[in-house]
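> The following block contains a protein sequence and its predicted model.
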Amino acid sequence: MEIDMETPIRFLRANGTSPYRGYEWPLPNGKPGDWVTWEGDLGCGVGGLFACKPEHAVHWIDARAFVFEPAAGTEHFEEDTKFCCRKARLVREFDTWNAQTQRLLACEFAEAVLPIFEKAHPKDTRPRECIAVSRRFAFGEATAAARAAARDAAGAAAWDAAGDAAGDAARDAAWDAARAAAGDAAGAAAWAAAWDAAGDAARDAQSHLLMRVLYDDGSWLQEQREKL
């Protein structure tokens, strides 16, 4: 499936509500959801129907993801990572965004910053082993007990790194591995240590990887399996 970098994306909680206002969106079910209209003032910090620009999707990541369609000619604006309009609907849900791919993406995010930890602690393999176990768990090839043990080991590595000259970046890299094992891609693990360690370039790379997952034709998932 070709990646669409123009159409806004709307992330929602598992129950289909907005993570900020708790609004319950009309969800698509074989056909697009009903149109929603915002009647009040439009603006950031004021109100409207919000979605994210694809290139900034990692800022908005949550449990469920949908194609967001603004109505033709609707009043709208774009600011920073946000797209906001007065009338819109959710066209379809990305079935590629699920517990398995969320965990695998968390592994990718954690793995990307793991060199920060390993540079400071070259002999400590606990975070890397944690990511490997979490990836296997995503494919049903590791037990929950093994995952929990790996998560705890990575957490212990993070605590060990916290008190030395490695600094916050190494500690956070280890914590990201632990979060990946917890399957928390829709939460803190999605905001990998690269947020502080590498800035805009890392966040852009994460957003583009997230879009690849959403529009996956099966090739990304196959690549993940080949990493086992």
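Happy to help now that I have it.
> Every contact and neighbour count from this point should use C-alpha atoms.
Will do.
> Looking at the chain, which helix is longest?
Among the segments of the chain that qualify as a helix by DSSP state H, the longest is helix 99-120.
> in that one, what's buried?
Of the residues in helix 99-120, 99-114, 116-118, 120 count as buried by neighbour count, 16 or more other CA atoms under 10 Å.
> And stretch 8-26, by the same measure?
Pro8, Ile9, Arg10, Phe11, Leu12, Arg13, Gly16, Thr17, Ser18, Pro19, Trp25.
> Stretch 144-152 now?
Arg147, Ala148, Ala149, Ala150, Arg151, Asp152.
> Which pLDDT value belongs to Gln100?
Predicted confidence (pLDDT) for Gln100: 92.
> which one is it nearest to, not counting chain neighbours?
Counting by CA to CA, 6 or more residues apart in numbering, the nearest residue to Gln100 once its immediate chain neighbours are dropped is Ala138, at 5.2 Å.
> Pretty sure the one you found sits against Gln102.
No. The pair Ala138 / Gln102 is not scored as a contact, 9.1 Å apart, by CA atoms under 8 Å.
> the helices in the chain, which residues?
Read by DSSP H, the chain holds these helices, from start to end of the chain: 99-120, 126-138, 144-162, 167-182, 194-197, 199-214, 219-226.
> Quick one: mean pLDDT over the third one.
Which is helix 144-162. Per-region confidence: helix 144-162 scores 85 on mean pLDDT.
> Name the residues that touch that helix?
Residues from elsewhere that reach helix 144-162 (CA atoms under 8 Å, 6 or more residues apart in numbering): 124, 126-127, 129-130, 133-134, 137, 167-168, 170-175, 177-179, 181-182.
> Separate out the buried members of those residues.
Members of the contacts of helix 144-162 that pass the buried threshold by neighbour count (16+ other CA under 10 Å) are listed as 126-127, 129-130, 133-134, 137, 168, 170-175, 177-179, 181-182.
> can you list the buried residues of stretch 8-26 in a markdown table and add distance to Arg86 and pLDDT?
Below are the buried residues of stretch 8-26 laid out as a markdown table (distance: CA to CA, whole Å; pLDDT from 0 to 100):
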| residue | distance to Arg86 | pLDDT |
| --- | --- | --- |
| Pro8 | 14 | 94 |
| Ile9 | 16 | 96 |
| Arg10 | 15 | 96 |
| Phe11 | 18 | 95 |
| Leu12 | 18 | 95 |
| Arg13 | 21 | 93 |
| Gly16 | 20 | 93 |
| Thr17 | 18 | 95 |
| Ser18 | 16 | 92 |
| Pro19 | 19 | 87 |
| Trp25 | 14 | 95 |
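> Good, we can wrap up now.
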